[in-house]
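**Student:** This is a predicted model, with the sequence first.
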Amino acid sequence: MLELKQEWPAERAAHYREAGYWRGEAMFGFLEQRAAKSPRQIAVVGGLERWSYAELVSRAKHHAATFLAMGLEPGTRVVVQLPNIPEFLSVVFGLFRAGLIPVFTLPAHRLTEISHFVNKSEAAAYIITALHEGFDYRSLTVQVQAQCPGLRKVIVVDDLKEFRSVASDVARIPLAIKPSDVAFLQISGGSTGLSKLIPRTHDDYIYSFRASAEICALNETSVYMAALPVAHNFPMSSPGVFGALYAGSTVVMCPSPTPATAFALIEQEGVTITGVVPPLALLWMQAAATTAHDISSLQILQVGGAKFIPEAAARVKASLGCALQQVFGMAEGLVNYTRLGDPEETIINTQGRPISPDDEILIVDDLGNPVADGEPGMLLTRGPYTINAYHNDDAANARSFTDDGYYRTGDIVSRTSDGYLTVRGRAGDHINRSGEKISAEEIEDHLLAHASVLDAAVVSIPDPYLGERSCAFIISKGEKPKSAALKAFVRSRGLADFKVPDQIVFVDAFETTAVGKTSRKFLRQTLREQFLSTSAAE
Ligand code: AMP
Ligand code: DBH
């Protein structure tokens, strides 16, 4: 099994410890300490469940003992595909307690993605819930097992209760966790090809959500609602469910972010803070005008994952009666926030500034030279919670990191003189569809597998609802397929629904560059521009 690593140069690591960022805490340990301090405080609410900190810890320990009794050894990777239910937390903290390594995936992922994550992480187990939103995950596990010979165990969370009696004495399980170890694998949205795996350590991740909880002023009276799928880095750690638990707040697991469901929970649980992507913020603002629910407990609406335009940002306070916080982050590390006391103008027009004084930010032009404040350039960053490498992916690492350890974010940003960043665009070729990042290349590869597709180019098109939608330009061969059939074909390849092209446009030919070879980047750009100019003319 390939070792999991995430290492910073010794000098920087020493500095991060001295500065008090890395405190030697571990993912299960912090929760246990919280539970010792306030055992009866409610940790998590969801569905019919309402667990205190003591109960969450006790459930996690039982799960830990069960996992080990099943023969899973510390260090084993375990793919977790769970929706927003309290068991997400008991299972994940159970894995941490047992020294197992969660590999986070989204409920929307299907065969192709899950098999890739299992194989790439060399996972031996896969944890699901039987049914969610009408989808039967048990049938998915059968398909995944057929494709992943190394996958030894499928665990259905609904069955874990029955294993309780099997659990041996949890106190006897040795806790052999080093805070500098990799705690879990997070997934990148992926700009080229399949999603990459992101190894995060206890030290670095805990720093990011502890500091985030401070920035958001979370305390025991706060109620944080996870509205987006909780395996996303944003609701997990910015400050997310982990930051909320670190601060002793209550976490509310919202099963779906529709205004009807979310507003009812805000009222019922007195939610004080939650985070959404821009399209949802727009939907919530519209729904708030006529809702029968009292959402006045909400103090902060965080918006992030994709660009929130200033015109919409300016309306949050009046529409929802709460403060806006913009969040610009990435699963690879760096997270920026507007601060609660910032002037309105900063909150509306920027995506915030970094968490840490030791987040190093470079904004450079095509030649790698720093640009002046206010000028757009490519964002590079390194710091105490930004990774230095992806897991087992030399090609991506060579592309994504500079020789001196900066992560190339692929985002084009500008910086104000006081260090606030505004996202201006991106250099990479992904589609940011309502905060879900889709790799153009990944979808093109699936389209090319269709017998009637000669060539395919997938681009992002501005969309009034989604922010961006995906559009596939297709050169067909033989009989021209129907758009619906092509979409169904992509879906049948076992992909998350959000990756199916929103729109299909047939063209006769693609332009080629002067050297005669097609540059995909140039091609996508040309197609997008042509499409936008013709639709503007219509
Ligand atoms: P990932 O690397 O998959 O975690 O996705 C992170 C990317 O999401 C960033 O590099 C940005 O491109 C995008 N992103 C996240 N938050 C924002 C935001 N507030 N505004 C614009 N883009 C964002
Ligand atoms: O989009 C993201 O990946 C993101 C957005 C906001 C993120 O990872 C985060 C905050 O931590």
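**Tutor:** Here it is on my side, so go on. Ligands and ions are numbered 1, 2, ... in the order given.

**Student:** for this structure, which residue is closest to the average position?
**Tutor:** residue 232 (2.8 Å; Cα atoms, centre = their mean).

**Student:** wait, does whichever strand or helix holds residue 461 contact ligand 1?
**Tutor:** Secondary structure from DSSP states H and E places residue 461 in strand 453-463. No: using Cβ under 6 Å from any ligand atom, strand 453-463 stays clear of ligand 1, with a minimum separation of 11.5 Å. (Glycine included, C-beta is placed from N, CA and C.)

**Student:** what angle do whichever helix or strand comes after that strand and strand 453-463 make?
**Tutor:** Elements were assigned by DSSP H and E; along the chain past strand 453-463, the next helix or strand is strand 467-476. Orientation check (axes from the mean of the first three to the mean of the last three Cα atoms, to 10 degrees): strand 467-476 against strand 453-463 gives 160 degrees.

**Student:** Give me the distance from strand 467-476 to the chain's centre.
**Tutor:** 24 Å (Cα atoms, centre = their mean, to the nearest Å).

**Student:** Same question for stretch 434-452.
**Tutor:** Chain-centre distance of stretch 434-452: 20 Å, with Cα atoms, centre = their mean.

**Student:** hmm, it touching ligand 1?
**Tutor:** Yes: looking at stretch 434-452 against ligand 1 by Cβ under 6 Å from any ligand atom, the contacts come from residue 437.

**Student:** what about the residue in the stretch 301-450 of the chain positioned nearest to ligand 2, which helix or strand?
**Tutor:** Here the residue of the stretch 301-450 of the chain nearest ligand 2 is residue 329; by Cβ to the nearest ligand atom that distance is 2.6 Å. Per DSSP H and E: residue 329 is located in strand 323-330.

**Student:** what residues does that strand touch?
**Tutor:** 188, 216, 233-234, 238, 275, 299-305, 308, 313, 316-317, 335-338, 340, 347-348, 350-352, 409, 421, 423 (Cβ atoms under 8 Å, 6 or more residues apart in numbering).

**Student:** same question for it, mean pLDDT?
**Tutor:** What strand 323-330 shows for mean pLDDT is 98.

**Student:** cool, and stretch 366-384?
**Tutor:** Stretch 366-384 comes out at a mean pLDDT of 97.

**Student:** Also stretch 80-95?
**Tutor:** Rounded mean pLDDT across stretch 80-95 is 98.

**Student:** centre of the chain versus that stretch, how much separation?
**Tutor:** For stretch 80-95, the distance to the chain centre is 15 Å (Cα atoms, centre = their mean).

**Student:** Also stretch 234-247?
**Tutor:** 13 Å.

**Student:** Just checking: what are the partner strands of the strand holding residue 329?
**Tutor:** Using DSSP bridges, the strands paired with strand 323-330 in its sheet are strand 300-304 (parallel), strand 333-337 (antiparallel).

**Student:** Convert the last one to CSV, retaining C-alpha atoms only.
**Tutor:** Looking back up the chat, that one is strand 333-337. This file holds the C-alpha atoms of strand 333-337, laid out as CSV (Å, rounded to 0.1, in the frame of the first residue of the first chain):
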residue,chain,number,x,y,z
GLY,A,333,-5.8,24.5,1.6
LEU,A,334,-6.0,28.3,1.4
VAL,A,335,-9.3,29.8,2.6
ASN,A,336,-10.2,33.5,2.5
TYR,A,337,-13.0,35.2,4.5
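
**Student:** Thanks a lot, catch you later.
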